[in-house]
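In: structure for this input, please:
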Amino acid sequence: MLRTFVTVAGLRSFSAAATELGYTQSAVSQQIATLEADLGLVLLHRRPVEPTRAGERLLEHAGPLLLRHRAARADVLRAASGPAGRLELVASPLSCLPAIVRSLPPGCGLRTISRERVAAEVASGAAGLGLVDGIAAPSDPLRLPDVGPLSGFGVAEEELAVLLPSGHPLAHRRGLDLADLTDALWLRAPVAVPVERLRELAGGGGFRAASRYDGEDVRTVLNLVAAGHGLVLLPASVAAEAAGVTGAARGVPLSSPRVVHRVEVLYAGTVGPAAALAAQLRQPPSSTPPGTSASGS
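Out: The predicted model follows:
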């Protein structure tokens, strides 16, 4: 019933939801009526179809609940079916370290997705193993969404650097304090630290987004930075490699706050190819060697 409610609310139509779910319209209406009777509240206005105040509140809870349900279902199926065959991996843009890529077995599948989706894909069974990157204090685990029973461990940590045009007044500093860059313009890109995370790290506002790039090509990010479309915070090795391509941009180490770029392996279950590969990769987090790209490109 909850899935039906979310579908109707999202499509703003009982008939469209029925088509989407493969139900009759009367079955959809009955499920919504049963859910409303159980709560003793009207969840959807009928004309036009839109959530009531109570319905909007339920929608806030529905996403995590449905995700946990999918994760539980996948966990039960894994336990019942035993080891699976083909290994499917998902990875955030800057988590495909060369050492990990070299360890992948022949025939495995690898998809790059957003950082926010990795844990959910692994928990729901859409992927057997996930690689996720993010920012954390040294040796601290990443803050990941609670999407179900997952195991994980760190495989690498490295310093961060601010990538800025080579002619920028701060380009030749030995280190930069993030709090001194709150008034700068920043580039939104999947490979860069999100602007929202920058504000959180600096403990305040600022960090205006100048432009947005939705791709994952680091050279394009370099060109955008060099052209003045905004600064980015990247793993130091990635910034150094990007800056070394043309010399049009320069990576300056982040001296404060003391945070690192961290890569973690996520998996569910204790048997099968994913668990075997996770055991093979399991080792204390190590620094990425200088000059080695964390993007694996």
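In: so where's the stretch 151-297 of the chain shaky on pLDDT?
Out: The model of the stretch 151-297 of the chain has pLDDT under 70 over residues 243, 245-246, 270-271, 283-297.
In: how about the helices in the stretch 151-297 of the chain?
Out: Under the criterion DSSP state H, counting those that start in this stretch, the stretch 151-297 of the chain contains helices at 195-202, 218-226, 236-246, 273-281.
In: quick one, strands of the stretch 101-250 of the chain?
Out: Along the stretch 101-250 of the chain, counting by DSSP state E, counting those that start in this stretch, strands occupy 109-112, 129-136, 151-158, 160-165, 176-177, 185-188, 208-212, 232-235, 249-256.
In: before we move on, the earlier item: for Leu160, find the nearest of the helices of the stretch 151-297 of the chain.
Out: Ranking those by distance to Leu160, with Cβ to Cβ as the measure, places helix 236-246 first at 6.1 Å. For every residue, glycine as well, the C-beta is placed using N, CA and C.
In: just how off-centre is the closest one within its chain?
Out: Taking Cα atoms, centre = their mean, to the nearest Å, the mean C-alpha location of helix 236-246 is offset from the chain mean by 23 Å.
In: which of the residues in it are buried?
Out: Residues of helix 236-246 classed as buried by neighbour count (16 or more other Cβ atoms under 10 Å): Ala236, Ser237, Val238, Ala239, Ala240, Glu241, Ala242, Ala243.
In: middle-most residue in this protein, spatially?
Out: Arg115 (1.3 Å; Cα atoms, centre = their mean).
In: how close does that one sit to Ser92?
Out: Arg115 sits 4 Å away from Ser92, going by Cβ to Cβ, to the nearest Å.
In: which residues are in contact with each of those two?
Out: Residues touching both Arg115 and Ser92 (Cβ atoms under 8 Å, 6 or more residues apart in numbering) are Val132, Asp133, Gly134.
In: let me have these in a markdown table, extended by distance to His261, neighbour count and pLDDT.
Out: Formatted as a markdown table, these follow (distance: Cβ to Cβ, whole Å; neighbours: other Cβ atoms under 10 Å; pLDDT from 0 to 100):
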| residue | distance to His261 | neighbour count | pLDDT |
| --- | --- | --- | --- |
| Val132 | 12 | 25 | 95 |
| Asp133 | 6 | 25 | 95 |
| Gly134 | 8 | 22 | 94 |
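In: make JSON lines from these and add distance to Ala17 to it.
Out: Shown next, in JSON lines, are these (distance: Cβ to Cβ, whole Å):
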{"residue": "Val132", "distance to Ala17": "33"}
{"residue": "Asp133", "distance to Ala17": "37"}
{"residue": "Gly134", "distance to Ala17": "35"}
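In: looking at those, spot the one nearest Leu281.
Out: For the shared contacts of Arg115 and Ser92, the closest approach to Leu281 (Cβ to Cβ) belongs to Val132, at 13.3 Å.
In: any idea how far that closest one is from Val195?
Out: Noted for Val132: a distance of 19 Å to Val195, by Cβ to Cβ.
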